[in-house]
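Engineer: With the input below, show me the fold.
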Amino acid sequence: MSKAAILLIVIGLVVYANALQYGFVWDDDGLIVNNPHIQSWRFLPKLFTEHLMVSATKTGNFYRPIQALSNMIDYSIWKLNPFGYHLTNIIIHILNAFLMYVLVRPFYRNERIPILASLLFLVHPIQTEAVTYISGRADPLSCLFLLLMVLFYIKSKEKNQKLKDLYYWISFILYPLAILTKEMGVVFPLFLILHDLSFKKKREPWINKDSLLRYIPFLLTFFIYLALRVFFLKTVETPLHSNYGNLYLRLLLMAKTFFSYILIILFPVKLHMERFMTPPASIFDPATAGMATFFFVLIFAAIRSFKHSSRTFFFSMWFFIAFLPVSNIFPLNAMMAEHWMYIPSIGLFVLASSLLYRLSKRIPDKLFKTAIAGLILSLSLLTINQNVLWKDSVTAMSHFLKASPGSVKLRYNTAMILARASRWGDALKMIDKTLEIDPRDPLYYQQKGYLLYKLDRFDEAIVAYKKAFFLGADQEEIDEGLYSIYKIKGEEYDAEIEKCQANVKKDPKNALSYIGLGDAYKRKGLYKDAEAAYKTGLRYRKDLLIYNKLATLYAEMDNLKEELKIRKKIVKLAPEGPAAHFNLAYTLEESGRRDEAIAEYKRTLELDPQDALALNNLGLCHYKNGNYKEAKRLWKKALSINPQMSEALTNLSTLE
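Structural biologist: Coordinates of the predicted model:
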């Protein structure tokens, strides 16, 4: 093993050693702790058909099956011991630093430049968001594939290389692995083109038949990936946030973002997530004009360097190519993120090391070595200190909130973390602060209602839930929250009933008024009065909503006979509605009419083949009929759709 490798391994382990003792933080819960998809190899195919955060949210922007696969491998070894996941991140980071050294070494005669560049990359505190934060693994892992891809590509172009075809195809295979690790991997072939352009011979044309043939497989992979993602995988459903205006404004924002990243790398203090800046509105703003000038002058200088220094051009353009996907030219899920500098920083650290080496020629060697040692030590201490901020979710969120007090997302996430720790009062305070910034989001009021309910402040909880409903929250979820409160309080809601009765008197032929009155009677437990109100509403309008309300009422009254009549009417009114057939099947099953229930569940699945609950219930019917093989098949199919479905897991355990 080379001295460089040993040096990087030792320093890397020392700098990140304290991170090994820390736990899971923030998105780690959704990606690992509460993600059944990584906890069993039978779900391996689903990693390639679902978005990354499927266990936490219905929709998501991130299609990263290789990152998820790496978590699955870790889980198979470490289960839910965060030590192993941190160790994997640290190993990948150290390996990247060494591969960076291998990449840079042939371009410089002096050994100091690649060693210093790799050390700066290894210990700089801006990397902690990608290394210490387990969920930040996508950046180091995609960087690993990029560095290997470039190294094998360079190797494949060497003369008298017997294995050049093998090296080329290894380089190509690494490209889809990079794309499936992180989306910015789509631009990685540009690094290969950059290398060919930077180090071509003087009279050698940049584009020729051979070079085109080398690029075509990468280009085809790019288009296949786009087609799969857009037309088949359909993972991008959540709106992206940082599409700030037209191209002109986004170019200004790119310049401002670039300037901010340079400052962070030069002065890596007060590092944090959820960075936000005011988008520039005009080039005529002096600060914006200055940053834009700085940005475009550096681009011009990087392009100009092509004539006199291939190395400077290569590593300058390395930064700009890697910066492009996160520059806000394209819509992103945030304006800035420190971990987005993981790959671009390679180019900057090489250029910085080259500049420092030139300066070293003007000072005594001993002084230069002392200064460099001091720089590496200072950055290492900053990184060790930054690692501590990632020790748990509460510590991380508290720090980030101090740095970005206006972030609604951070406040809400902190409230949810506090709630998971049963710190209801602290969570409520944080939700109130969230509402001070954004008083129009129904989700925040809904969560406030829940927290007030947990604190036994029922009247305030009712107000919060109703406010959430007024702002557009899901009615079923609000009703569920209110029902929990009403059940505990045991109060008579005469005022609500009187209000609904007044609405009926005001408009006696309005079916909706009778729905409200029926709901009010039902909450109070006056089921007969609720039944009469719903039936009166049906006289004025044969509405599916009223029929469903009435059927649900009969279910609560344990009146299966009347419920079954209504369920059949609903199926006649909505023969193509899977929910109508499912509810009828369930009622038939409860009535002991199992064969009829099986037929209705099958009809439900014809209309909605992805209904996991219908599959589970159909399996239960077959189980009760003694058809265990079919029951097992159906329960496994239900779990392939919804791995977290406790009913199917419990049912399946009876047969395994």
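Engineer: Could you use CA atoms for every contact and neighbour count after this?
Structural biologist: Will do.
Engineer: Assign a three-state SS to the residue of the chain most remote from its centre, would you?
Structural biologist: Distance from the C-alpha centroid of the chain, by C-alpha atoms, centre = their mean, peaks at Lys505 (51.4 Å). The three-state assignment at Lys505 reads helix, by DSSP: H, G, I helix; E, B strand; the rest coil.
Engineer: Name the spans of the chain whose pLDDT lies under the cut-off.
Structural biologist: 1, 54-60, 161, 202-206, 231-245, 475, 486-495, 653-656 (pLDDT under 70).
Engineer: can you tell me which residues contact the nearest residue to Tyr75 once chain neighbours are set aside?
Structural biologist: Leaving aside its sequence neighbours, Tyr75 sits nearest to Gln39 (C-alpha to C-alpha, 6 or more residues apart in numbering; 6.3 Å). Counting by C-alpha atoms under 8 Å, 6 or more residues apart in numbering, Gln39 touches Met72, Tyr75, Ser76, Lys79.
Engineer: any idea how far Leu560 lies from Gly518?
Structural biologist: 19 Å (C-alpha to C-alpha, to the nearest Å).
Engineer: wait, Leu147
Structural biologist: 66 Å.
Engineer: The two: which has the busier surroundings?
Structural biologist: Ranked by neighbour count (other C-alpha atoms under 10 Å), Leu147 and Gly518 place Gly518 first, with 30 against 22.
Engineer: Helix or strand for the nearest residue to Lys637 once chain neighbours are set aside, just tell me which one.
Structural biologist: Among residues not flanking Lys637 along the chain, Leu615 sits closest, at 7.3 Å (C-alpha to C-alpha, 6+ apart). Leu615 belongs to helix 612-624 when assigned by DSSP states H and E.
Engineer: Pull the number of nearby residues for the nearest residue to Ile179 once chain neighbours are set aside.
Structural biologist: Excluding its sequence neighbours, the residue lying closest to Ile179 (C-alpha to C-alpha, 6+ apart) is Gly185, at 4.4 Å. Per other C-alpha under 10 Å, the neighbour tally for Gly185 reads 22.
Engineer: How about the contacts made by Gly185?
Structural biologist: Gly185 makes contact with Ser142, Leu146, Tyr175, Ala178, Ile179, according to C-alpha under 8 Å, 6+ apart.
Engineer: Need those in a markdown table (columns: distance to Gln447, secondary structure and neighbour count).
Structural biologist: Listed next are the contacts of Gly185 as a markdown table, based on distance: C-alpha to C-alpha, whole Å; DSSP: H, G, I helix; E, B strand; the rest coil; neighbours: other C-alpha atoms under 10 Å:
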| residue | distance to Gln447 | secondary structure | neighbour count |
| --- | --- | --- | --- |
| Ser142 | 37 | helix | 25 |
| Leu146 | 42 | helix | 25 |
| Tyr175 | 43 | helix | 27 |
| Ala178 | 38 | helix | 27 |
| Ile179 | 37 | helix | 24 |
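Engineer: Would you write out the PyMOL command that picks the buried residues out of the contacts of Gln39?
Structural biologist: Burial among those is assessed by 16 or more other C-alpha atoms under 10 Å; the matching PyMOL selection reads:
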select buried, resi 72+75+79
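Engineer: Please convert the contacts of Gln39 to a markdown table, extending it with distance to Lys466 and secondary structure.
Structural biologist: Formatted as a markdown table, the contacts of Gln39 follow (distance: C-alpha to C-alpha, whole Å; DSSP: H, G, I helix; E, B strand; the rest coil):
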| residue | distance to Lys466 | secondary structure |
| --- | --- | --- |
| Met72 | 42 | helix |
| Tyr75 | 42 | helix |
| Ser76 | 45 | helix |
| Lys79 | 42 | coil |
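Engineer: tell me which element Lys429 falls in.
Structural biologist: Counting by DSSP H and E, the element that carries Lys429 is helix 424-437.
Engineer: Does anything pack onto that helix? Which helices or strands?
Structural biologist: helix 408-420, helix 442-454 (3 or more C-alpha pairs under 8 Å, 6 or more residues apart in numbering; DSSP states H and E).
Engineer: Please work out which of those is packed deepest.
Structural biologist: Of all these, helix 442-454 has the most neighbours on average by mean count of other C-alpha atoms under 10 Å, namely a mean of 23.
Engineer: Which residues does that one contact?
Structural biologist: For helix 442-454, contacts defined as C-alpha under 8 Å, 6+ apart pick out 412, 419, 424-425, 427-428, 431-432, 434-435, 458, 460-465, 467-473, 478, 481, 485.
Engineer: rerun that using 7 Å as the cut-off
Structural biologist: 424, 428, 431, 435, 458, 460-462, 464-465, 467-468, 471-473, 485 (C-alpha atoms under 7 Å, 6 or more residues apart in numbering).
Engineer: Just list the residues touching Val394, thanks.
Structural biologist: Contacts of Val394 (C-alpha under 7 Å, 6+ apart): Thr414, Ile417.
Engineer: Give me the phi and psi angles of it.
Structural biologist: Backbone torsions for Val394, taken as degrees, to the nearest 10, come to phi -60, psi -50.
Engineer: distance of it from His93?
Structural biologist: Counting by C-alpha to C-alpha, the gap from Val394 to His93 is 25 Å.
Engineer: And for Leu69?
Structural biologist: 18 Å.
Engineer: go on, Lys629?
Structural biologist: 48 Å.
Engineer: the more surrounded of these two?
Structural biologist: Each of Lys629 and His93 has its neighbours counted (other C-alpha under 10 Å); His93 has more, 27 against 12.
Engineer: Could you check how far the residue nearest to Ile179 is from Ala648?
Structural biologist: Distance from Gly185 to Ala648, counting by C-alpha to C-alpha: 38 Å.
Engineer: Helix, strand, or coil at the residue nearest the centre of the chain?
Structural biologist: By C-alpha atoms, centre = their mean, the chain has its centre lying nearest to Met53, at 5.1 Å. Here Met53 is recorded as coil under three-state DSSP.
Engineer: That one contacts Asp29, doesn't it?
Structural biologist: No: using C-alpha atoms under 7 Å, Met53 is not in contact with Asp29, being 10.0 Å away.
Engineer: Leu401 - how many residues pack around it?
Structural biologist: Leu401 has 19 neighbours, counted by other C-alpha under 10 Å.
Engineer: Oops, could you answer that again for Ala130 instead?
Structural biologist: Under the criterion other C-alpha under 10 Å, the count of neighbours that Ala130 has is 24.
Engineer: quick one: it and Glu338 touch, right?
Structural biologist: No: if you go by C-alpha under 7 Å, Ala130 and Glu338 don't touch, sitting 8.1 Å apart.
Engineer: ok, back up a step: from Glu531, how far out is the residue nearest to the centre of the chain?
Structural biologist: Relative to Glu531, Met53 is positioned 43 Å away (C-alpha to C-alpha).
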